[in-house]
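Asker: give me a model of this one.
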Amino acid sequence: MAAVTAGKRGTGSYILAAGQTAIEAKGVTKQFGAGPDAVKALDNVSVSIRQNEFFTLLGPSGCGKTTLLRLIAGFDFPTDGEILLYGENIAPLPPYKRPVNTVFQSYALFPHMTVAQNIGFGLEMLGKPRAEIDKRVSQMLSLVRMEELANRRTSQISGGQQQRVALARALAPQPKVLLLDEPLSALDYKLRKDMQIELKRLQHETGITFIFVTHDQEEALTMSDRIAVMSKGKILQIGSPREIYDRPSVRFVANFIGETNFLKGNVTGVSGHHAEVRLADGATITAGLPEGLNPSGAITVVVRPEHADLVAPGAPADLRGRLENVVYFGTDTHYYVKLDGGETFIIRQQNSHGGGTGHAVGDAVGVALEPNSAQVVRD
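Answerer: Prediction:
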């Protein structure tokens, strides 16, 4: 295992060389059952997760994200492939021999114990001296801002407070990696939003690698340094929240994260990382290309609704059509345009005081795309 190369950070967690790989999955496959009834939950998955990173596994139910988390934790074992922790193969090791802790949807706190006792329980099981346990519990209480509730039983505190206790208990032994399996799903909307910020703060202050599992796109975009989007046991794309949102490489990723417009077209030329695309109505636009894609023939282009503007018929525009519907959402308004090529295009514009475009349903309109907003995706 790699040596410590940096001092202490936050509550005393040691960190290793910046940018070092903390967890690496190499060609990991997980199959349940055998024969015709076999189910492949993970299909040759490879991913590297960096030290001190907030990394999110994002995807719909059944995509394999929780299975991958369980393999890292040691609750299941891969059918094939390796899982490395700082270069050491931990796939054969049971959970208690891995410097990894997990926070689940169900916090599994002991209701008859106090907040402080719950936080210190894991340290007691590890046989730590009493003085060390008390010091560490005090540090964790301060980290999750629950000093005043130290002696209250966990059955007497709110769901959000219980979540903080579960986090503090998992962080107390100073694991090298913290795994979080949809820990915010049981919270109401406002508390969930607050805890998203809180989780990011805790990760930054402790310097521990967080691997977070969720099906909630907003959670992933809010907290993550990088996101891996999964579907049907495979990782489709890995990137920063901005890369995943603005530059999806696969149609599934574009459709799963946020709202988007899909336009069919044909490639008429390729230059570097861009393609010239002729759309169904005859208009030609320039679209970015995912790494490694050299398209020809029929393709799909995506444009996010907020990356286009509604303009008057005579103004410069990339697309033209007729305004079909207007939906007011308070902070913004959605304009539905039936393009001349037959496709529906959504434009999202933020509302300002006294705003409005002056266009009415039925009007002929133009759609002006922001520079570099169109992206070719793999189908």
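Asker: what residues are up against the nearest residue to Ala38 once chain neighbours are set aside?
Answerer: Closest residue to Ala38 in three dimensions, ignoring its sequence neighbours and counting by C-beta to C-beta, 6 or more residues apart in numbering: Gln31, at 5.4 Å. For the C-beta atoms, the positions are set from N, CA and C on the backbone; glycine is no exception. Taking C-beta atoms under 8 Å, 6 or more residues apart in numbering, we find Gln31 in contact with 38-41, 79.
Asker: so for the helix or strand that Gln31 is a member of, mean pLDDT?
Answerer: Counting by DSSP states H and E, the element that carries Gln31 is strand 21-32. Taken as a whole, strand 21-32 has an average pLDDT of 96.
Asker: for the next helix or strand after it, buried residues please.
Answerer: Next in sequence after strand 21-32, counting helices and strands by DSSP H and E, comes strand 39-50. When neighbours are counted by 16 or more other C-beta atoms under 10 Å, the buried residues of strand 39-50 are found to be 40-42, 45, 47, 49-50.
Asker: how many residues are close by Asp340?
Answerer: In terms of burial, Asp340 registers 16 neighbours under the definition other C-beta atoms under 10 Å.
Asker: what's the spacing between the nearest residue to it once chain neighbours are set aside and Pro316?
Answerer: Taking C-beta to C-beta, 6+ apart, and ignoring the residues beside it in sequence, Asp340 has Asp281 as its nearest neighbour in space, at 4.1 Å. With the distance defined as C-beta to C-beta, to the nearest Å, Asp281 ends up 16 Å from Pro316.
Asker: what do you get for Ala220?
Answerer: The spacing between Ala220 and Pro316, counted by C-beta to C-beta, is 36 Å.
Asker: between those two, tell me which one has more neighbours.
Answerer: Taking Ala220 and Pro316 together and counting by other C-beta under 10 Å, Ala220 has the greater number of neighbours (25 against 7).
Asker: tell me what the helix or strand hosting that one is packed against?
Answerer: Using DSSP H and E, the secondary-structure element containing Ala220 is helix 217-223. Taking 3 or more C-beta pairs under 8 Å, 6 or more residues apart in numbering; DSSP states H and E as the contact definition, the neighbouring helices and strands of helix 217-223 are strand 54-58, helix 189-206, strand 209-214, helix 241-246.
Asker: Pro94: which of the ones you listed is closest?
Answerer: Each of those was checked against Pro94 via C-beta to C-beta, and the shortest separation belongs to strand 209-214, namely 18.9 Å.
Asker: pull the CA atoms of that closest one into CSV?
Answerer: Provided in CSV are the C-alpha atoms of strand 209-214 (Å, rounded to 0.1, in the frame of the first residue of the first chain):
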residue,chain,number,x,y,z
THR,A,209,-12.6,9.5,-0.9
PHE,A,210,-16.4,9.4,-1.1
ILE,A,211,-18.2,7.1,-3.6
PHE,A,212,-21.8,8.0,-3.7
VAL,A,213,-24.6,6.0,-5.4
THR,A,214,-27.8,7.7,-6.5
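Asker: that strand - which strands sit beside it in the sheet, and in what orientation?
Answerer: Strand pairing for strand 209-214, determined by DSSP bridges: strand 54-58 (parallel), strand 177-181 (parallel).
Asker: give me whichever of those strands is most buried.
Answerer: Ranked by average neighbour count under the criterion mean count of other C-beta atoms under 10 Å, the strands paired with strand 209-214 are headed by strand 54-58 at a mean of 25.
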